[in-house]
Structure formats: C-alpha cells, structure tokens
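Undergrad: how would this look folded up:
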Amino acid sequence: MQINQLKFGIYLSYASLFISNITNLILTPFIIRNLGQSEYGLYMLIGAFVGYIAVLDFGLGNATIRFVAKYRAENDKRGEANFLFSTFILYSIISLIILIVGTVIYINLDNIFSNSLTIKEIEVAKVMFIILVISLALTLPMNLFTGIISAYERFVFPRLLTISRILVRAIILFVLLSLGYKAIAIIIVDAILNLMMMIINMSYVILKLNVKIRLHRIDKTIFKEIFSYSALIFISVVVDQIYWKIGHLVLGVIASTSEVAIFAIGMVFGQYFIVFSTAISGVFLPKITKMVVNKATGEELTNLLIKTGRLQFLMLGFVLGGFVLLGERFILLWAGPGYKNSWVIALLVMIPLLLVLTQTIGISILQAKNMHGFRAIVYLCISIINIFISIYLSKLYGSVGAAIGTTLSLIFGNIIAMNLYYHFKVHLNIPRFYKELFKGLLISLLGSVAIGSMLLLASSNSWVSLIMQCILYSILYSIFMWYFGMNNYEKTLFLGEFNKIKARVFK
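TA: Predicted coordinates:
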C-alpha cells in the first residue's frame, strides 16, 4: 500500500507541477488583460504584503511532519495525540497574532501607501487585505492536517486535492473575469477554496486516518523541541520571502502599482527557472549522505558537485540562452506591450541564478554534514541588506532597481559567501569546480546565443514565428553542446535516456 502511495504520489507530484505551471502560463495573461496593469500590480502587492504575515507559521508545518513520523515509528499514539494538541494550540495563538497584526496594518494602510496609491486603490487594497488576513488566520491550522497526511505517507489524496483545486480555481476565475469581476473576486475565490481545502483535509485526518488530537499532559519540552527544529526552516522562509517579494512591497510603497506588476512578471520567470533546476538535485541527498557517512573526501564530493553541476548547466543554459534571444518577444506577446522591462528584470535574476543553481548539490552536502546553519544565517543577513539596497535603487530605477537589489544579494550571498564557505570549511575544491563546469559548456552557450541572434533578424510579432525560432534555437544549442560542450559521460547519459524513450515509444 505504501509503495503504491509513494509511486503514484511521485507521479501526481510531477502532474501537479506540470498542471500548475501550464495553468499559470495560460491564466496569468488572461488575468493581466482583464484587471489591467494597475489593478494587477495592486493584487500582487497585497498578496506579497500578506505573505510577510504568513511567515508567522514559524515552520510548524515541517515540524509536524517530522515529529508525527517519529511518534508513528515509535508507535506512540499517546505522544502523537499530545504533540498534535500542543501544535494546534500554537497554531491558534499564531492565528490570533495574525489577526492582531493584520488589524494594526489595516488601520495604517492609508499612511503606508499614501505616496504611491490613489484613494480608490487604497480602498480596494483594504478590502483585499482584510479578506486575505481573515482567510490566513482561519486556514493556517490547515498546515497541521496537511503535515499529518504527509507524515502518514498518504501522498495520493493531497496531490489529487491540489490538482483539483488548481483546475477548479482556473475555471471559476475564467468565468468571473469574463463577466467583468476584478481582483477582489480572485481574493474571495482563493479564500473560499482555501477554507474548503482545510475542511476536507481535517475531515480526512479525523475520519479516514482516525488521528486523535488530545491533551494528555502539559509537556514544555515539546514546545522547545518544536521551536529548535523549526527555527532554521523559519529563517529560510523569511529569506525566501525577502528575496522574491521585497521588491513588490518596496515598489508598492515608493513607486506605483504598475511598477509592481512589471516587477512581479519578471520575478515569475526567475522562479520558473528555479523550478526547472530541481529535476536533478532532489534525488541525490541519500547518495550524498551515504558518502558523508563513509567519510568521503572533499575531492570526491567535488567530483559529484562537478558532475551534477554540468548537467544542471546543460539544461539551465538552454533555458537562459533561449530567454536572452526570445524572452522579450515572448513576454510582450504573453503579458502585453507594457511589460518590456519584465524581460530585463528576469534576466537580472536568471543570470546569477545560473551559477547558483549549478551548486544545488552543495546544499545537500551541507545537510548531510549538518552544516546548513551557516547558510541560513548568511542568507538572512544578505536578505536584510537587500531590503535597504532595494529601497535605494527602487527610488532611482523603479522596478529594474528592485531587481538589481535581488541580483546583488544573489551574487554576494549565494555565490561569493557560500563559495568561500564551501571551499574553506566544507573543503570542496571550488576553483576546480568552476574550471570543470565551464569547460566546453560556457563557450558553447555563448556560441549558440551569438549565432542564434541572427534569428532576431527575421522577427515578427506572432506566436507561430516565435515557436519556429524556439525550435531553430533548440537545434542550434543541441549541436553546439554535442560537438563542443558535452564530455563522453554526458553524451553516454543522454544517449542512454534517448534509447530508453525510443524503446518505450516503439515497443
């Protein structure tokens, strides 16, 4: 039963990711065109604003998975019920804090956005904000039940529920926006769907899994264990929020909702770039852990870092090169003529991410060595500095300035600081890593982009033309990489995968 849950859960995870991305690619331009740039920016601004309140979850969802799994392994039903009751109390307290913080912010929204939003925009923002805050406070305990379901290794049900929510939301929004409804309708739909998800998950846990949430004794050590485990998770959530959402808030306060919209679209592509990179790195943690337990040397771990980094570069270089050549036209066709700077913003983030994402295995190495605390602290410090940089640059250059702040954070935090730590503390050979990483691959990427720039000479504003040019670029990139970039191991690996696919197709 568990094997089937795991196997189909993996399939459904990929299906959910695929459906979510495709739905967003189709739905986002539809939302933009129906709301207009200003109201779309307002919608993204308030969503980001409430996102900062949402970090008050303190990582309890992850803690729930970890501790419930532990109690199940020990067959300690009494301890599990007691832990869940304690966690539920924590969630209730957090929900109350969210309502208090949200009320204080709601009262001061006029002052916060007085220099950037019109009176009408502030009125709409207040309605959206209060709906989101109440929804967040009511549905935050859903993380407890979601964590229980994961800890009980029930992977199929929550993923089917997530896919259903994605599709239902897309259909409802398409109908409502076609009828002329605006951003507030989107917020209400999301709030209702989130509440329904919470009720369904809660019912599944109580009725199907027969999980008890009950106080048996007051144990202060439980709270200490929860917070000590979730502290680093909380820091990573805060960092992630600052990295990818601070520009929304800064621009909303000192610029305009139009600038927020332009920035938001650019950052969406940066996040797609990150999602695209997870295809390889996520499966290596068990192998790395085994290597660390067996006392693998720094050079042996560096070899693995190089091997996986080059594979990441091959895929990410393809995406980045295509976006350099054709991304501006894609955004103009997809989002509309007012989003030209979104292409610049996306590139400012994607270029340093190319280097960052080739080292995602380094994160697994840190986890295996239990050395990831330094990374969390560095990222937190850099992200705080990013706030001040973004404020200063946004005043000078608007949405592009906010993106530059994120870019500088990626360079100094994720690239410079972490590479120094990898080299001197983790004992990875970083100079050799970059030498081997760029060998053949960098010149092939630059060559394919240089030759591919001739595709722009025959540009036209149509999807058919863009798709044809994407196909031509793909062929060009593949030729450059095959003959000048890839080594024998990479060629053998790709040929092996190609032969497997061919065998399945013609079976």
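Undergrad: which secondary structure element contains residue 478?
TA: helix 463-480 (DSSP states H and E).
Undergrad: Can you mark which positions in that helix are buried?
TA: Buried residues in helix 463-480, defined by neighbour count with 16 or more other Cβ atoms under 10 Å: 465, 466, 469, 473, 476, 477, 480. For the C-beta atoms, the positions are set from N, CA and C on the backbone; glycine is no exception.
Undergrad: again, but for stretch 237-257
TA: Under 16+ other Cβ under 10 Å, the buried positions of stretch 237-257 are 237-239, 241-257.
Undergrad: got it, and stretch 88-95?
TA: 88, 90, 91, 94, 95.
Undergrad: Could you tell me how far that stretch lies from the centre of the chain?
TA: In terms of Cα atoms, centre = their mean, to the nearest Å, the centre of stretch 88-95 is found 26 Å from the chain centre.
Undergrad: I'd like to know the average pLDDT value across it.
TA: For stretch 88-95, the mean per-residue pLDDT is 87.
Undergrad: can you pull out the strands in the protein?
TA: Assigned by DSSP state E, the chain shows no strands.
Undergrad: quick one, domains of it?
TA: Domain assignment of the chain by automatic domain parsing yields the ranges 55-218, 256-501.
Undergrad: Give me the mean pLDDT for the longest one.
TA: On average, the pLDDT along domain 256-501 is 87.
Undergrad: ok so, going back, and of the buried residues of stretch 88-95, the nearest to residue 414?
TA: Comparing the buried residues of stretch 88-95 against residue 414 with Cβ to Cβ places residue 94 closest, at 29.7 Å.
Undergrad: Now do the helices in the stretch 401-507 of the chain.
TA: Here the stretch 401-507 of the chain has its helices, by DSSP state H, counting those that start in this stretch, at 418-424, 430-438, 441-452, 463-480, 488-505.
Undergrad: need those in TSV with distance to residue 148, can you?
TA: Shown next, in TSV, are those (distance: least, Cβ to Cβ, whole Å):
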stretch	distance to residue 148
helix 418-424	35
helix 430-438	41
helix 441-452	45
helix 463-480	44
helix 488-505	37
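Undergrad: Residue 47 is nearest to which of those?
TA: With Cβ to Cβ as the measure, helix 463-480 is the member of those nearest residue 47 (28.7 Å).
Undergrad: Could you tell me the angle between that closest one and helix 441-452?
TA: 140 degrees (axes from the mean of the first three to the mean of the last three Cα atoms, to 10 degrees).
Undergrad: Give me the residues contacting helix 463-480.
TA: Helix 463-480 has contacts (Cβ atoms under 8 Å, 6 or more residues apart in numbering) with 317-318, 321-322, 325-326, 329-330, 333, 444-445, 447-448, 451-452, 455, 458-459.
Undergrad: which of those are buried?
TA: Going by neighbour count (16+ other Cβ under 10 Å), those have 317-318, 321-322, 325-326, 329-330, 444-445, 447-448, 452, 455 buried.
Undergrad: So for stretch 121-137, what gets flagged as buried?
TA: Neighbour counts using 16+ other Cβ under 10 Å place 121-122, 124-126, 128-133, 135-137 of stretch 121-137 among the buried residues.
Undergrad: So for it, mean pLDDT?
TA: In the prediction, stretch 121-137 has an average pLDDT of 91.
Undergrad: Which residues outside that stretch are in contact with it?
TA: 38-39, 42-43, 45-47, 49-50, 53-54, 95-96, 98-99, 102-103, 105-106, 109-110, 113-114, 117, 182-184, 187-188, 190-191, 194-195, 257.
Undergrad: so which of the domains of the chain comes closest to residue 24?
TA: Minimum separation from residue 24 across the domains of the chain (Cβ to Cβ) falls at domain 256-501, 7.9 Å.
Undergrad: how many neighbours does residue 389 have?
TA: Around residue 389 there are 21 other residues, counting by other Cβ atoms under 10 Å.
Undergrad: Grab the nearest non-local neighbour of it.
TA: residue 405 (4.2 Å; Cβ to Cβ, 6 or more residues apart in numbering).
Undergrad: Check the gap between residue 424 and residue 301 for me.
TA: To residue 301, residue 424 is 14 Å away according to Cβ to Cβ, to the nearest Å.
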